[in-house]
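Peer 1: Sequence first, then the predicted structure, then my questions.
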Amino acid sequence: MPHDPLRDGAGRRYPAHLDAWEVKEPKDWPGAWWANWYNLPPALWPLPVPPATYQRNRRYRDRRRRAEEVRRTVRLRRVTGGGLPATSWRFVAELPGGGLVGELRAHERSPHLIDGDDPSDEREIVLDGVLVAEACRRLGIGRRLVAMLAAEMDRSGIRSAHAIAEGGGVDLLLACGYQFETSRLWALRHDRRPATGNRPSGQGG
């Protein structure tokens with residue numbers, strides 16, 4: 001990774017035998033221990049971030065080189081046909097050779113069925129999920145998949161997309177322009193019990 005233009009705080013070049021990179025945000029610097037847990041404004045950062053950094057550990061260095069290769073070579077496309085319903089939207093991120101490293105699934109729905117309005121041709125998108133392989137996260141693949149969905153919505157004349165997310169998925173969608181809705185949602189789950197053939201005692205019909 002060429003880094004000859006990079007300089008440290010004293011104007012010195014970084015060691016030629018190490019891979020150095022520019023620090024644009026705390027997540028770019030291994031020393032920013034708070035970057036993955038707290039979204040702090042620069043005035044509240046516990047430590048000032050350097051203009052650039054490097055990694056001495058060979059294992060981490062090789063992992064970063066692999067990540068840069070993935071970022072450079074990954075290709076995104078929409079999957080159609082193959083028995084996929086016309087109202088289902090699927091986008092994938094693949095490496096050369098067809099290795100799947102990311103996927104976005106969504107489906108269309110008709111708003112009038114929710115609101116009880118008269119039938120119309122209006123459609124909206126429900127985002128079912130955005131998945132990226134663990135080794136390929138923080139490379140912008142998830143954002144690119146969401147951006148591809150948005151571009152396809154524009155081409156199809158669909159204006160709204162809805163999603164339910166948790167954890168890092170919330171941060172991803174907020175960064176892609178999604179906003180919190182005012183309605184209150186509940187997370188529900190239904191686990192099917194294995195059939196035993198006998199009705200549990202103490203329960204009526």
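Peer 2: Perfect, thanks for sending it. Residues are numbered from 1 along each chain as shown.

Peer 1: what sits against the residue at minimal distance from the centre of the chain?
Peer 2: Centroid-nearest residue in the chain: residue 142, 3.2 Å away (criterion: C-alpha atoms, centre = their mean). Counting by C-beta atoms under 8 Å, 6 or more residues apart in numbering, residue 142 touches 102, 130, 132, 172. (C-beta placed from N, C-alpha, C; glycine too.)

Peer 1: go with 6 Å
Peer 2: Counting by C-beta atoms under 6 Å, 6 or more residues apart in numbering, residue 142 touches 130, 132, 172.

Peer 1: Closest one of those to residue 119?
Peer 2: residue 130 (30.9 Å; C-beta to C-beta).

Peer 1: pretty sure that closest one is in a strand, no?
Peer 2: Yes: applying DSSP: H, G, I helix; E, B strand; the rest coil, one finds residue 130 inside a strand.

Peer 1: Hmm, it is touching residue 103, no?
Peer 2: No: using C-beta atoms under 6 Å, residue 130 is not in contact with residue 103, being 7.6 Å away.

Peer 1: Scan the contacts of residue 142 and report the most crowded one.
Peer 2: residue 130 (24 neighbours; other C-beta atoms under 10 Å).

Peer 1: what bridges to that residue?
Peer 2: residue 104 (DSSP bridges).

Peer 1: In contact with it, which residues?
Peer 2: Applying C-beta under 6 Å, 6+ apart, we find residue 130 in contact with 104, 142, 145.

Peer 1: does the second one sit in a helix, a strand or a coil?
Peer 2: In this case it means residue 142. Here residue 142 takes the helix state, with states given by three-state DSSP.

Peer 1: Distance of it relative to residue 104?
Peer 2: Distance, residue 142 to residue 104, by C-beta to C-beta, to the nearest Å: 8 Å.

Peer 1: ok, now residue 89?
Peer 2: 8 Å.

Peer 1: Same check on residue 127?
Peer 2: From residue 127 to residue 104 the distance is 7 Å (C-beta to C-beta).

Peer 1: ditto for residue 17
Peer 2: Per C-beta to C-beta, residue 17 is found 40 Å from residue 104.

Peer 1: go on, residue 76?
Peer 2: Noted for residue 76: a distance of 9 Å to residue 104, by C-beta to C-beta.

Peer 1: Neighbour count: those two, which is higher?
Peer 2: Neighbours per residue (other C-beta under 10 Å) separate residue 76 from residue 104, with residue 104 holding more: 24 against 15.

Peer 1: Which residue comes closest to residue 106 once chain neighbours are left out?
Peer 2: In space, and not counting its chain neighbours, residue 106 is closest to residue 89: 4.3 Å by C-beta to C-beta, 6 or more residues apart in numbering.
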